[in-house]
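> Below are the sequence and a predicted model for it; my questions follow.
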Amino acid sequence: MKIRRMPVRAVPAGAALAALTAVTLVPQQAQAAPGPASAAPSGFSAGSYDDEGTGRFVGDVLGRGAEGVVRAAGVQPERVRYSQVRLDSARRVLGERAAIPGTAWVEDPRVNRIVVTADRTVTGARLARLNEVTSRLGEAVVVRRVATKLTRMVAGGDAIWGSSARCSLGFNVVKDGRPYFLTAGHCGKAVQGWAATHGGPQVAVTENAVFPGRDYALVKYTAADAAGPGEVNLHNGGARAVTGARQARPGEAVWRSGSTSGLHSGHVTGLNATVNYQEGQVTGLIKTDVCAEPGDSGGPLFSGADALGLTSGGSGNCLLGGETYYQPVRTALDAYGARIG
């Protein structure tokens, strides 16, 4: 019995909410992309991104002298104030002194700042500490307050069921010639045996799960005919073949598939994001303006035929919009010695 595509109605995304909603494991009773980026020219000094408005690849530079180097490489230079060294230093300080549950941060090359998000649970002494740390970092850091709670977001492309929770399948992979799939680490930590349907027979078992720190899990198919093809469910009766994996790029157009909310699109808004969940800190994440809902964790983020990430957590919903964080899939593949299958 193969893990089947679950028919899910895709809800159009609207304006983004500036609120982090609860993203949790779902109890069973609840129910034309650009190619890989080339190597960055040596003149880059503070990040780069795809500019959807102009269709150009933009490189942040500090001085006039670097503009010619970047332009000669076919990249549009953008003069900025803060160097990559300064932004990396700010991020290290945040990691050392402001790893507060309910906060997240990411470098946004479009504004040349580290953007810190703090949810409604960050109050009292925690808020005072965050304010003290960020104020010392100056204008290189911008702080956003949001109204609801930052937490995990369980889900992915096709629904996968455990004894107490539902998640989503990310990508089918091959390791040592055997079929596996990837999903979120917090899903793998919660569930040992997986079924393709609610209450159905077990078809796969969690072999390894990492969360917090990172957020990925490797699940081994145990039923001989359960493994599906290397594709992503588009929730419209079709599927997209996935043939490889790569790193995401800031500004690029991406798609996310999930067993709760279906297929939705948006853009990468930052890389190497840090999220401080109540369960612990997760680093190295992709941040996007794509919506997601509870039950979508573990699901695939992709661009064209390229696998990019696994849904970890986020905010909002797919009626009003939101933002989401993803575990880069290349990190999981490298950790497990697996490949897209």
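Looks like it arrived, so ask away. What you see is a predicted model, and the numbers here were worked out from it, not measured in a lab.
> what's the neighbour count on residue 272?
15 (other Cβ atoms under 10 Å). Heads up, the C-betas are built off the backbone N, CA and C, glycines and all.
> I should have written residue 183 there, sorry.
35.
> Distance of the closest residue to it other than its chain neighbours relative to residue 167?
Residue nearest to residue 183 in three dimensions, not counting chain neighbours: residue 298, with 3.3 Å by Cβ to Cβ, 6 or more residues apart in numbering. For residue 298, the distance to residue 167 equals 4 Å [Cβ to Cβ, to the nearest Å].
> Also residue 73?
Counting by Cβ to Cβ, the gap from residue 73 to residue 167 is 42 Å.
> now swap in residue 326 and tell me
For residue 326 relative to residue 167 (Cβ to Cβ), the value is 14 Å.
> again with residue 54
38 Å.
> go on, residue 185?
11 Å.
> for residue 294, same thing?
On the measure of Cβ to Cβ, residue 294 and residue 167 end up 10 Å apart.
> neighbour count winner among these two?
More crowded of residue 294 and residue 167, by other Cβ under 10 Å: residue 167, with 33 against 24.
> Show me what the more buried one is bridged to.
Bridge pairing for residue 167 (DSSP bridges) gives the partners residue 160.
> That one touches residue 182, doesn't it?
No: judged on Cβ atoms under 8 Å, residue 167 makes no contact with residue 182 at a distance of 11.2 Å.
> Common neighbours of these two, please.
residue 298 (Cβ atoms under 8 Å, 6 or more residues apart in numbering).
> can you give me the strands in the stretch 201-341 of the chain?
202-210, 216-221, 231-233, 239-241, 244-245, 253-258, 262-277, 280-288, 300-303, 306-317, 321-328, 339-340 (DSSP state E, counting those that start in this stretch).
> Those strands: which one's closest to residue 129?
Residue 129 lies closest to strand 262-277 among these, at 12.3 Å (Cβ to Cβ).
> The closest one packs against which elements?
helix 84-97, strand 103-108, strand 253-258, strand 280-288, strand 306-317, strand 321-328 (3 or more Cβ pairs under 8 Å, 6 or more residues apart in numbering; DSSP states H and E).
> Serialize these to TSV and add fields for mean neighbour count and distance to residue 247.
Shown next, in TSV, are these (neighbours: other Cβ atoms under 10 Å; distance: least, Cβ to Cβ, whole Å):
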stretch	mean neighbour count	distance to residue 247
helix 84-97	16	17
strand 103-108	24	14
strand 253-258	26	12
strand 280-288	22	9
strand 306-317	29	8
strand 321-328	27	7
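> So which of these is nearest residue 212?
Across the helices and strands packed on strand 262-277, closest to residue 212 is strand 280-288 (Cβ to Cβ), at 3.0 Å.
> for the record, mean pLDDT for the closest one?
Strand 280-288 carries an average pLDDT of 96.
> Check which helices and strands it sits against.
strand 262-277, strand 306-317, strand 321-328.
> Okay, now the sheet partners of the first one, with direction.
Which is strand 262-277. strand 103-108 (antiparallel), strand 253-258 (antiparallel), strand 280-288 (antiparallel).
> who touches the last one?
Applying Cβ under 8 Å, 6+ apart, the external contacts of strand 280-288 come out as 95, 99, 106, 211-215, 248, 254, 256, 266-275, 301, 308-309, 312-313, 323-328, 331.
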